Structures are given as C-alpha cells and as structure tokens.
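1. Predicted model and sequence follow; I will ask about them next.
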Amino acid sequence: MENQIVYQDYKTYLSEDHGTWGLLIDRHKALCSQKISKEYLEGYLKLNLDENQIVNLESISAKLESLSGWSLVGVNGLIPTKDFFYMLINKKYPVTISIRKPHELEFSEQPDIFHDICGHIPMLTNEKFIKFLTAYCTIALKYANNDRAISLLGRLYWFTYEMGIILEDGERKPYGGAIITSSEEILNMNDVNIPKHAFDIDLIFATEFSPYSLQKEYFVINSFDELFNCLDTLEMKLIEHLSLPYADCMLRNYSLNKNIGINFNNVIGFLNDVQYKFPNAISFVAGQPDEDFFEIESNISKFEVYVTHLMSRTGRSRKSVVNGIGQYNKTKGIISDVIVEYLKNDENIVLNTEDILITVGAQEAFSIIISTICNRSNDVILVEDPSYIGVSSFAKVFDYNIAGIKIDDDGIDLKELRSKLIELNGQGKQVKLVYVIPDYQNPSGTCMPIGNRLLLLEMAQQYNFLIIEDSVYNSFTYAQKKNPTLKSLDLNNRVIYVGSFSKSLFPGLRLGIIGANQKIENELGITVALSDELAKVKAQLTNNTSTINQAILGGVLLDLNCSLNEWSKPKFESYKRKRDHMIKSLNKYIRAYKNDWASEVNWNEPDGGFFIKMTVPFLINNESVYESASNFNVIFCPMRNFYLKSGGENDLRLTFSNLSLDDIDKGVEKLASFLKSRIMLNNELLNVENHLN
C-alpha cells in the first residue's frame, strides 16, 4: 500500500483544476439546498470547505481530527480492500488527490478529491455513523480474503455510505456520498417508480448494483441507530449467505466459442466504450454518414411509390400488394428488378434479377458468401491487411482459414498476393476468396488503379478464386469521375459484388446487395447458380430481409429513375468540403510545425471515402486513445486494430464524414496538442537514455 499513499503536492494542480473544483462546489451547494440529510449537512458545514480552490488535505485532515478523531490520507486511486478496511479501523480515510476533468462534472468513473471530500468526509463527523463504519470494517477485515464475503459486504457499504437514504421528519433524504454529489442520482432517487426498500440486510446481500449507472433501487434507514444495531446480526447473516449455493444464475463449466476470447478484436466495442465515457470529446472514430442528409421521413414516404409500381406490374389491388409486402417473402428479395436497373445505371454492372440477393446490410452479405463457398479444412480466404474487420472477425469467430496480404498506395499488393497463392497451392490448400475494397479503402483510404484491377481479375482466372468486391465507397469520390467497379470489368464472372445503402441513404435501412452471376459445377458434376446456393444459406440465417425496408428502398430508387448519382451530388460535395477542410486543418496545426515537433508526422490525402491515415513517430494503441480522450478531448482509431496480426503500430485512422467543419478544425487542433505532447515526451526520454549511455 505504500506505493499508493501519496503526498498532496499542491503545486501540481493547474488553474483549470481549481476552476473545476469551484464549479463542482457551486453545483454541490445547489444540491445541498434541496432535501439532503440534516446529519450530512451539519458535517458539511463544520468542515467549512474552501469554495474557490481545491482543499488542502493536511488542513482539512487537522480540522476533521479535531472534530471526530479521524484523519485523511492522500492516495492515488482505489486501494486494496484489505488495506481500505484496515485504514478505516484506525480512523484514517483515504482521499484521492486527483480531480476529475471539466467534462466529468456530473460523473467520473474514477474516484477523485471532490467525491471523497464532499461525498464521504461530512459523515465522518457524525458519531453514530462512525461507530457503524468502524464496527462494520472490523467484521469485514476478518473476511478480507473471501471474495464472496467481500462482495456481499460491499453491497452493504454501497447501499449505505454511497447510496444511503435516511427517513428524517417523515421524508426520505440522502446521506450517501454518491447520491449527494450527483444531480442525476438525486433526481433518480426521487423518481416514484424507483423502489425504496426498508433497510434489510438479507435483501441487501441479495441485491446487485452497478457503480456506473443510475441505481435501480435504494434502501432507507429510519436512523443511524438502526444502522449500528444491524451489526448485532451482520456476521451471522453473512455466514448464512455464504453457506447458501450460488444464486447468481451463473453458467459454470460452460465454454463458449473458443475464438471469442481474450485475443478477439473487439475494436468496435472498445471505441464505443471510449466515446460513451468521453461524450464531450470530438471523435474521429466512426465511419458514419452525415446525418444531415438522411431524409428519413421523405424516404419512408417512398413506400407508396413502390406499392404503386407493384400494383401496375402485377395488376393486384393495393390491399393485396401491401399485405404481400408485410408477409414472409422471397429469400432473395422482392426488389431485384429495381436493383438490376440501379446497378446498370450507376455502376455499369449488367446482371439479371435472379443474380441479386438483398441482404441485411453488407455484413450479412459477407457472412453468407463465406459460409456458402468455403470449407474449414483446406479452403483459405485472403484479405487486404489492414482491412475492414467485419470480414476477418467473422472468419475468425467461425474458424475459417484467413490470411492477410499487405496493401500499398495502390491497394492490395499484387506481387505478394501471387506469392501467397503459389505458397498455399503448394501446401495443398485452395484460395477460394480474395476480399478487397478497391475504392477508398477502410481503413487506409487507398484506391486501386484500373491497371491493377485488370491484373487482379486476370489472377482470379489464372488461380481459380473468386473476388469479393466491397463497393461501399465506390460512389464517394471527390475526383471528376469515379473508378469502374471490378464487377463492371469482370469478363469471366470472377467477382461477387457487394453493395450497401447504409452510407448512400442511412444505416438504419440495413440493406445490402449481393450480385453473383456465377455458375458453379459442384463435386457431383451438377451445375448450380451461385446466387441460389447463397439464398439457401441466407434462409437459415434471416429467412428474408425486411420487405418493408426493401419497399422503401425500391420506392426511393424508382422515384429517382433508378439512379442515385445526381441525387447524391450535394452529399458528395459536402464530404469533399469536409475532406478539404480536414487537410487544411492538418496543415495548419501540424504540417506548419514540420521543422519542429511534427517532422515525422505524415498523412495521406484520399480522393474519396471517409478516411485519412496518419503515421506518427510513437506507438499508437488503445492506451493512447484513452490518454487523448481524457487529457485532450479528442478520439481517434488505432490502425493496428485493423490488422490480422501485427502492423500499423505507428498509424491511426481519422474519419471526417459526420463532423461539422468547426468540429473538424477544433478536433485537429486538439489532436495536434496530443501529438506534440507525446512526441516531446518521447524526445525527452530519448535524450535521457542517450545521456545515460
């Protein structure tokens, strides 16, 4: 514990920290003017805390000691349970010396000096509560090595010292520190729909809680005498509960898919978690389309356009058509005729209606294709490395063989691809699929030249593999003319086309396309249509894609003469302005210092898509993201998360698509501050190392 006890070096606090303290105290005074326990208020007033700057721990400790005999000890965070109980028995209360950041005024996941001082210390002036606390800790210390006992006793601590409510003058009033220091928790406590139980040790032991969300229930004491008197039976009840079998509905000795384990790439979950924890940070993370262009209500109204189209085509009544749309329907989809026209108009792809499969977004399309085509024994999937993790993660979870091919500025490295094909063929394995994003690749932003596209198609014919073309960003070009899709160049039916409307319309539509016109001769010598085999697999997954959503999409396309090109121009022009502004801001805040700290910071300037790749002279990992979010209020995505194994350790991905121009500028300025801080620190450490050597 010695390493966790720290001296409060008052000089280390910044003016911003004192400002945060002042804001917190102002908020706290407003809360204390509401219905708060008089026992707490008496203690709070006795402390007479400084309202303008962070309290001096030594001074407030001396004051507390004169009031109740307790003293305060500075710590750098949570301390081990056993040490915590031991300190409390000896009338010493640990206080975290750091203070939360300005964007954490309402809630901080980590302990800080405001919560510890204003939430807990006032009750340490109350004689009856102190008697309860020290006696409780004496019992708890006996069970400090029993995890289950500590879990149960922790619930008692939580529902008293943190979330405690007392009945005073017929009214429920909080005395628990976690309620009193949170306006949201006070509102939640006063919600008539949230249960407030009479104080009951057995029920408390049976009640779980979450420290990171508003409480679902509370416990109310009638007096602190009741709290102290419960200790007479506390240990007996604890022993009773310890003797009971687990009632936590935990499935034990029950294994899950071994591929979803400690090394599983849960980058999406991690980044969502960071954005949730730092809601005020500017995020360059998610590749989301701009919500200002969604036109959701207008698009939904186009359902009627498709209904009219179907009535005209079939001669059926409106009721029959609408009810038919609402019924179980064809696995391949109901708008294939419209999609065929759309692909011909916008992508120069010629397919028949039977070649089309409407999916629940592109992600389902990838899973259907892999599940249909690949066996797990000798078949191999090759992907660009780095690449979109939806394909690689699916392959890993379901135990398909997958390998990466590095990319360069022209997309997938064709020389390395050829070498890998020869190597795997020599091992008796067959490469069945090669997954590529030819246009403005996620995450790198690279684009495959037409010459490379033709060479890739030749290799597919030569080495007998199929190409999954992820064409989601093909239309998002900032050049004068977009590139031809691989499928439009495909003379030998080697390309399975995958498209999506999540970026072009809105993600909530959840609609994707598979365009597959291949004929396959199976091991029995029977020729089958690949699209039919894909439909068999889809039928086992989702039966059919939402026909309501399909009708909406069909109506949108029909209303636009089966082309999104002209309709999308304002959107693409907006994305281009954002890309240009991003580059301008990067030049302003980073490239301007090329002869100083930013000499080794570089980035690409993509001609389309949502992503910019940046390279920096230090290691980028998840810890870097946390540091940047917490200290600089900006979030980015480490590129290493998109690699199958190693790679991208010095790279990060920046997304600009769903940010305003102002936020782009502010975000890049914050990012520059983070980069400068890390680079300067690395340089200092390097100088020290060189000096020592």
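-> Received it, and whenever you're ready, just let me know what you need. Numbering: from 1, shown residues only.

2. from here on, contacts and neighbour counts on C-alpha atoms
-> OK.

3. Output the contacting helices and strands for the longest helix along the chain.
-> Looking across the chain with DSSP state H, the single longest helix is helix 661-692. Where contact means 3 or more CA pairs under 8 Å, 6 or more residues apart in numbering; DSSP states H and E, helix 661-692 is packed against strand 282-283, helix 565-589, helix 622-632, strand 634-635.

4. got the phi/psi numbers for Lys432?
-> Dihedral pair for Lys432: phi -90, psi -40, per degrees, to the nearest 10.

5. pLDDT below threshold where in this protein?
-> 1-3, 245-253, 261-266, 269, 685-693 (pLDDT under 70).

6. Of the helices and strands packed on helix 661-692, flag the one that's most buried.
-> strand 634-635 (a mean of 28; mean count of other CA atoms under 10 Å).

7. what's downstream of that one, the next helix or strand?
-> strand 637-638 (DSSP states H and E).

8. which secondary structure element contains the residue at minimal distance from the centre of the chain?
-> For the chain, the residue sitting closest to the mean C-alpha position, by CA atoms, centre = their mean, is Asn272 at 1.3 Å. Using DSSP H and E, Asn272 sits in helix 267-277.

9. how about that helix: buried residues?
-> Val267, Leu271, Val274, Gln275, Lys277 (16 or more other CA atoms under 10 Å).

10. And the strands in the stretch 201-350 of the chain?
-> Taking DSSP state E, counting those that start in this stretch as the criterion, the stretch 201-350 of the chain carries its strands at 218-221, 282-283.

11. residues in contact with the last one?
-> Going back to what we said before, that points to strand 282-283. Residues outside strand 282-283 that contact it (CA atoms under 8 Å, 6 or more residues apart in numbering) are Gln275, Asn633, Val634, Ile635, Phe636, Asp663, Lys666, Gly667.

12. Span of stretch 206-223 from start to end?
-> Distance across stretch 206-223, first residue to last, is 22 Å (CA to CA, to the nearest Å).

13. what residues does that stretch touch?
-> 109, 152, 155, 159-160, 163-168, 172, 184-185, 188-189, 194-200, 204, 227.

14. distance between that stretch and the chain's centre?
-> How far stretch 206-223 lies from its chain's middle: 27 Å, per CA atoms, centre = their mean, to the nearest Å.

15. Arg27 and Ala62: what is the separation?
-> According to CA to CA, Arg27 stands 26 Å off from Ala62.

16. on that earlier part again, of the contacts of strand 282-283, which pair is most distant in space?
-> Farthest apart among the contacts of strand 282-283 by CA to CA are Gln275 and Lys666. That separation is 16.8 Å.

17. Spatially nearest residue to Ala362 (excluding sequence neighbours)?
-> Spatially, and ignoring its direct neighbours in sequence, Ala362 is nearest to Gly512 (5.0 Å; CA to CA, 6 or more residues apart in numbering).

18. Now do the contacts for the one you found.
-> Ile358, Thr359, Val360, Gly361, Ala362, Ala365, Val498, Gly499, Ser500, Phe501, Ser502.

19. If we use 6 Å, what do you get?
-> Contacts for Gly512 (CA atoms under 6 Å, 6 or more residues apart in numbering) come out as Ile358, Thr359, Val360, Gly361, Ala362, Gly499, Ser500.

20. Assign Pro94 to helix, strand or coil.
-> strand (DSSP: H, G, I helix; E, B strand; the rest coil).

21. Excluding chain neighbours, what is closest to it?
-> Counting by CA to CA, 6+ apart, Pro94 lies nearest to Val73, which is 4.8 Å off, once chain neighbours are set aside.

22. So Phe611 sits against Thr655, correct?
-> Yes: with contacts defined as CA atoms under 6 Å, Phe611 counts as touching Thr655 at a distance of 4.8 Å.
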